[in-house]
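*Asks:* coords please:
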Amino acid sequence: MMTSAEVAEVGVASGCDDDLERCICPRETICATDTISIILLTLARCSAFFDYPLYMMLFLSKAHNLNNHMRRTLFREWIDFGDMHTVHKIFGIVVGIETMFHSFFHLLRWGLNNEMSLLWRTAAGITGFIAAAVTPLLCWPMVVPFLKQRLSFELRKGLHYLSIVWAIALLFHAPSKIPWLIGIPALVYVVDFIFGYFKRNNLVETAYFERYGENGVSLHFKNPKSWENRSPTSYVYIMCPWISKYEWHAFTMFPEPFKENHSMLCIGASGDWTKQLYDKIEVPCLRQLYVHGPYMTEFSDKAITTSNAIAVATGVGITPTLSLMMNYAGRKRINIIWVCRDPGLIEYILHKVDISAITRNSYAFIFYTGQRELSLPKHLPVNIFIFRSRPNLENTITGIVTAIHSGEGLPEEMYEKQEKISNAPFRKRVMIAMYRVTQIYDENEMFDFAVKETESAAERMQDVDLESGSTSDSDSDSEEYGSLTVNPQRSSRLLLLNPPHDAVSLLGFDAMISRFLGGIGEYSESDVEDIFHTIDRSRTGFINRTEFSDFLNTATRKNVMNRVSSRDLLSSMVALTDMTAVTNSMHNPNSPDRGSSSHHANTSHGSVFGDSNTIEYMNNLMNASCSTGEEPLEDWSLFYCGGSTGIKNDLKGISWRYKIDLAVENFDW
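*Replies:* As a prediction, the model looks like this:
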């Protein structure tokens, strides 16, 4: 504050007004000699002082290389360098609001004092006007949903580069400490950017591109030499000069499953640039591209601190989850909950990635919400479950945590049971499975089902013959009618368009095994044919009801189960069949296990699907922790990668209720 005499010496005003002993007037643009002007100036200056540290962090939070280095230092224990984008976003919103307040109070004061000419007569006025004018162009397109949905990412990113104009305007806005407060962080950002541009950009001359389905492209390339010590879970910026030489886009990558020192990206066609990429990759090809990075993702930090995790992903957000699982396979439990409507992406991942190698001690739930049927690998690991529905996240998450925390549903135990079954001869597995299934279903139910499938197979054969113009006696190539491939030359009787009444073909028998004998492990076509021909004593190519009954009588003799090995094998089959039954009953209304789903859900393994009991188990843990002060789930963490606001909000609620850390990663810029 200045006295009237001191104000007069400055030469801007004659002194303080309103009989004030002291007022403010160090220079023309911030001269307040009356009470109202002092109040307005105070509000304007306070908003500016509040913003100074935010200005600094806006630049420092985007110094990617510096942040990447700091995440490997001791400072990461106090500062979350992995969440700098969130810091940048929040501080940007605050600065955008505060800039408007700051400008409004200055302009209101100048207007009341008839000093609006200061806006274009002074450097502070001109630079302030420039900064205030570009601020909405910087902030609003990035945070206002209405604008984000209607403006392309390229346009919004281009507008964001007006931050250079904004920073220069602030440097000359006031002759105080602003040049230092803004200049030094801006200089750090510029140096960091130049370092990254020249040191962390790599040309990949022969990247392999292919479409992975109806709505995306996968990219494979050999890691540059400088990536020897790259982060386990990383993202990169890529630039394809044959699309645009000026556009860089960020994508999470994961290790190539079957090629050492190679990486993969899955890119969904969701924006202008990604749709152009999809359109250009009409056939698999080799093209050049530039990669900038890699940089650690937020997943990297959280994965280090916990031994158990549940990674929730939507759509192409599965890629950072796969990266986590591949890098920590066998060392940490990374369970998957994947919600996806793109059938091509699900099929591509399940066929290209060795899921069994990375999920041996964890669960994987895939919730498919698309329209067409999935073309899945014939044999999936026993702890991967695919549902045609949307998940109840709280049920599913509490089910996984309960199964593993209580030790009553460990996925590695399922693997042991599966290996025990797979190592047994197929004939023995079928005999033991028949022993169990006859205690649940009547033999007539099973035989009638097989007859119905036989008739359906004959109808499908007839449709194929009509479409191709061939007859059942032609020497055509093998046709695939179900899970078996049938050669007409070898099995002419099987291809009769009108099978005998009340008889079962090889195809019908195979369908019955698939439906009723769940949990018998992997088997081949020859395995099924061998059993079928054993039952078909008359060698007609069909099984009649008497032959089927005789086979069941043989399979269910008491001495079949006398051996300990047989009883152990039966126990393993029961456990795995129960899991399959629950899965089927949850999304297949025609499943024969539909009526017994409640029975199966009560088994120890069944709890992994989650229900009111698992929620109660978790609540009891939380209540007990309140009295003891312990955190029973401190070794658990939640991850989410995707663009669903609803799922993200649900996970935040679950994280808060059960005190499980949540890390969210997306590139929703």
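*Asks:* Please count neighbours and contacts with C-alpha atoms only from this point.
*Replies:* OK.
*Asks:* Might one say that residue 15 is in contact with residue 21?
*Replies:* No: at 9.3 Å, residue 15 and residue 21 do not qualify as touching, with contact defined as CA atoms under 8 Å.
*Asks:* Can you list the buried residues in stretch 331-345?
*Replies:* By 16 or more other CA atoms under 10 Å, the buried positions in stretch 331-345 come out as 332-345.
*Asks:* Just the residues you listed: which are in helices?
*Replies:* Among these, the ones falling in helices (DSSP state H) are 343, 344, 345.
*Asks:* So for residue 15 and residue 21, which residue has more residues nearby?
*Replies:* The neighbour comparison of residue 15 against residue 21 (other CA atoms under 10 Å) goes to residue 15, with 25 against 14.
*Asks:* who's in contact with the residue nearest in space to the middle of the chain?
*Replies:* Note on the chain: the residue nearest the mean C-alpha position is residue 313, at 2.3 Å, using CA atoms, centre = their mean. With contact set as CA atoms under 8 Å, 6 or more residues apart in numbering, residue 313 has these partners: 321, 336, 337, 338, 339, 640, 641, 642.
*Asks:* Kindly state the beta-bridge partners for the third one.
*Replies:* Read it as residue 337. Going by DSSP bridges, residue 337 is paired in beta bridges with residue 312, residue 365.
*Asks:* For residue 544, see how far away it is.
*Replies:* For residue 337, the distance to residue 544 (CA to CA, to the nearest Å) stands at 45 Å.
*Asks:* one step back: between residue 15 and residue 21, which contacts overlap?
*Replies:* By CA under 8 Å, 6+ apart, the residues touching both residue 15 and residue 21 are 3, 4.
*Asks:* May I have the phi/psi pair for residue 61?
*Replies:* Per-residue torsions, residue 61: phi -70, psi -20 (degrees, to the nearest 10).
*Asks:* Next, count neighbours for it.
*Replies:* Count around residue 61 with other CA under 10 Å applied: 22.
*Asks:* now do residue 550
*Replies:* By other CA under 10 Å, the residues close to residue 550 number 11.
*Asks:* Can you give me the separation between it and residue 449?
*Replies:* Using CA to CA, one obtains 18 Å as the distance from residue 550 to residue 449.
*Asks:* now swap in residue 630 and tell me
*Replies:* Residue 630 is 55 Å from residue 449, where distance means CA to CA.
*Asks:* quick one: least confident helix or strand in this protein?
*Replies:* The least trusted helix or strand in the chain, going by mean pLDDT, DSSP states H and E, turns out to be helix 597-601, with a mean of 27.
*Asks:* by contact count, what packs against the helix or strand following it?
*Replies:* The first helix or strand that comes after helix 597-601 along the chain, using DSSP states H and E, is helix 612-628. Applying 3 or more CA pairs under 8 Å, 6 or more residues apart in numbering; DSSP states H and E, one finds that helix 612-628 contacts helix 393-406, helix 645-658.
*Asks:* Can you list the buried residues in the helix ranked longest in the chain?
*Replies:* Ranked by residue count, the top helix of the chain under DSSP H comes out as helix 84-112. Within helix 84-112, the residues that count as buried by 16+ other CA under 10 Å are 84-85, 87-89, 91-93, 95-96, 98-110.
*Asks:* got a list of what the residue lying closest to residue 340 once chain neighbours are set aside touches?
*Replies:* Counting by CA to CA, 6 or more residues apart in numbering, residue 315 is the residue found nearest to residue 340 once chain neighbours are left out, at 4.7 Å. Applying CA under 8 Å, 6+ apart to residue 315 gives the contacts 338, 339, 340, 341, 342, 345, 642.
*Asks:* and the angle from the helix or strand harbouring residue 131 to helix 84-112?
*Replies:* In this assignment (DSSP H and E), residue 131 forms part of helix 123-143. With axes from the mean of the first three to the mean of the last three CA atoms, to 10 degrees applied, the angle from helix 123-143 to helix 84-112 works out at 140 degrees.
*Asks:* Quick check: which helices or strands does helix 123-143 pack against?
*Replies:* Going by 3+ CA pairs under 8 Å, 6+ apart, helix 123-143 lies up against helix 84-112, helix 118-121, helix 145-150, helix 153-160, helix 163-171.
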